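Engineer: Sequence plus the predicted model coming up.
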Amino acid sequence: MTTGRIRLWLCAGITSATLFAAPGALADATTDKAMAETLFRDGLKLFDEGKVPEACRKLEASLKLDRVGGTLLALGICHEEEGLTATAWQELLAALSMAKAKGRADREKTAREHLDALEPKLSKLTIVVPPAARAAGLEVRLDGTLVPEAGWGSATPVDPGMHAIVVSAPGRKEWKASVTIGKVADKQTLEVIPLDPAPPSTGSPSKDLGAPVVTSNDTSGRRNLGWVGVGVGGAFAAAAVGSFLLANKSTDDLKAYRNGNCRLTCDDGDRVASVRRWEAMTWISGGLSLAALGVGVTLVVTSSSSSTTVAVRPAVNGFSVVGAF
């Protein structure tokens, strides 16, 4: 069927559908239907001009607004011309079914002609899941769409080009693959391999609320993170030393004030508060320093292991560092 004949037949189909519509239906025509008709006509015009991809986009938009048999058939023919053979095949089958239901022998004849010409050209992909790979809850997805178990091992028509396959199951590592399908009558098979067990859980995060946890499986990254922890611990250690010196100076100032200025009473509340503040800063900085240094040294020392999990938890008298190596 030539392009000119396609357009002539499709226009005739749309016109006849309009002529036989009930007056009430015409009166109730919505904006969506009007837009769908406009997009449909624009698509036919672009198709006649040889602008196939642009025509298909118009027809796709029209079909979303108003799913009618003429538009579906036109879109199938357009996708066939565009090279999306599997998509066109599905649309032509649906258009054939709608034509039968509506008693449209003309559309049924056209759909059959295109299907007969298209089916020998279909490229197909077979996804095989052997018994050894059939884990409980296994899911196979082709381009994001779930492939039902009944479809495993069946040669399924697919559009030419690259396709992504993702296989997953509870407690198993996800497996990904890709396959490139040829344009005409390409037949390819992809066999799913047994999924590896997922790594064991390191524990529930709820047990360490408020505690920083460091987990790493990369040796160099863990070592670098360890040195960062050592550096942070050193900074807190310096802050602790500074706070300690200031606490001592505040204590000396307090003693000097009491020895030189006090007789019966001393107004030394501010000086006492200063001493207490610097002493508290000393303890806090010291505790944080020990925690960061503990994490950092642990990560550096154990960087040769395959997996490390380190958690710093508050303890009664400071901090505790625990880990799994």
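Structural biologist: All right, it came through fine.
Engineer: Excluding sequence neighbours, find me the nearest residue to K45.
Structural biologist: A55 (7.9 Å; Cβ to Cβ, 6 or more residues apart in numbering). (C-beta placed from N, C-alpha, C; glycine too.)
Engineer: and that neighbour, what is it in contact with?
Structural biologist: By Cβ atoms under 8 Å, 6 or more residues apart in numbering, the contact set of A55 is 43-47, 78.
Engineer: does I193 count as helix, strand or coil?
Structural biologist: Put simply, I193 is coil when judged by DSSP: H, G, I helix; E, B strand; the rest coil.
Engineer: wouldn't it be in contact with R134 here?
Structural biologist: No - the criterion here is Cβ atoms under 8 Å, and I193 misses it with R134 at 11.7 Å.
Engineer: Quick check: the residue nearest to K45 vs G161, distance?
Structural biologist: When distance is defined by Cβ to Cβ, to the nearest Å, A55 is 20 Å away from G161.
Engineer: Give me the neighbour count for G182.
Structural biologist: 11 (other Cβ atoms under 10 Å).
Engineer: Then V228?
Structural biologist: 14.
Engineer: residue contacts, it?
Structural biologist: Neighbour list for V228: G296 [criterion: Cβ under 8 Å, 6+ apart].
Engineer: can you confirm it is in a helix?
Structural biologist: Yes - counting by three-state DSSP, one finds V228 located in a helix.
Engineer: so how far is S178 from it?
Structural biologist: The value you get for V228 to S178, if Cβ to Cβ is used, is 37 Å.
Engineer: Geometric centre of the chain: which residue is closest?
Structural biologist: G144 (10.4 Å; Cα atoms, centre = their mean).
Engineer: Distance-wise, check A169 relative to P131.
Structural biologist: Counting by Cβ to Cβ - A169 and P131 are separated by 14 Å.
Engineer: can you check A74 too?
Structural biologist: Applying Cβ to Cβ to A74 and P131 gives a distance of 45 Å.
Engineer: likewise M98?
Structural biologist: 41 Å.
Engineer: higher neighbour count, these two?
Structural biologist: With neighbours defined as other Cβ under 10 Å, M98 and P131 compare such that M98 has more, 19 against 6.
Engineer: Who are the contact partners of the more buried one?
Structural biologist: Applying Cβ under 8 Å, 6+ apart, the residues contacting M98 are 69, 72, 104, 107.
Engineer: what about the closest residue to the last one other than its chain neighbours, which helix or strand?
Structural biologist: Pointing back at R107 there. Once flanking residues are discounted, R107 sits nearest to A99: 3.8 Å by Cβ to Cβ, 6+ apart. A99 is part of helix 85-102, with elements assigned from DSSP states H and E.
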